[in-house]
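**Student:** no sequence for this one, just the structure:
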C-alpha cells in the first residue's frame, strides 16, 4: 500500500512539473511589428532571459520551477519593454507560468 501511494505521489508530482516551461514568442502578440522584427526581438529577449537565469542565484540554485520562473519573468519584462503585449486570446495560458 505504501509503495502504491509513493508511486501515485511521484506520478502526480511529475505531471504538475510538466506545466512549467520557458516562454517564447507564442506568448506575445506581434502587434504592428513585422514578423522579422518580432522574431529578432523575441530572440534577443530569450538571450537576455537566459543570461538572467545564468547569473541569478535563484536560477543557479533553484529547482526547475524556479529556473523557469527566473527566465519567464526576465523574458516577459524584456518583451514588454520592447512594446509587446502578452496574448490574451489563449484561455488560461498564463496560469502555468505563475507570473
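**Tutor:** Noted; the coordinates are in hand. A quick note: this is a predicted structure, and the numbers were derived from the prediction, not measured.

**Student:** wait, what's in contact with residue 88?
**Tutor:** Residue 88 sits next to residue 29 when contact means Cβ atoms under 8 Å, 6 or more residues apart in numbering. From N, CA and C alone the C-beta is placed, and that goes for glycine too.

**Student:** State whether it is indeed within a helix.
**Tutor:** No: the assignment for residue 88, made by DSSP: H, G, I helix; E, B strand; the rest coil, is coil rather than a helix.

**Student:** And it, how far from residue 65?
**Tutor:** Counting by Cβ to Cβ, to the nearest Å, the gap from residue 88 to residue 65 is 24 Å.

**Student:** so what secondary structure elements neighbour the top helix by length along the chain?
**Tutor:** Looking across the chain with DSSP state H, the single longest helix is helix 35-55. Packing partners of helix 35-55 (3 or more Cβ pairs under 8 Å, 6 or more residues apart in numbering; DSSP states H and E): helix 57-61, helix 64-81.

**Student:** For it, buried residues please.
**Tutor:** 38, 41-42, 45-46, 48-50, 52-53 (16 or more other Cβ atoms under 10 Å).

**Student:** Let me know the closest of those to residue 70.
**Tutor:** For the buried residues of helix 35-55, the minimum distance to residue 70 (Cβ to Cβ) is 4.7 Å, reached by residue 53.

**Student:** Low-confidence ranges, the protein, go.
**Tutor:** Within the chain, the ranges that satisfy pLDDT under 70 run 1-20, 58-62, 90-99.

**Student:** Next, format the helices and strands packed on helix 35-55 as a markdown table and append mean neighbour count.
**Tutor:** Below are the helices and strands packed on helix 35-55 laid out as a markdown table (neighbours: other Cβ atoms under 10 Å):
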| stretch | mean neighbour count |
| --- | --- |
| helix 57-61 | 13 |
| helix 64-81 | 19 |
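
**Student:** Which one, of the ones you listed, ends up nearest to residue 34?
**Tutor:** Nearest of these to residue 34, taken as Cβ to Cβ: helix 64-81 at 15.7 Å.
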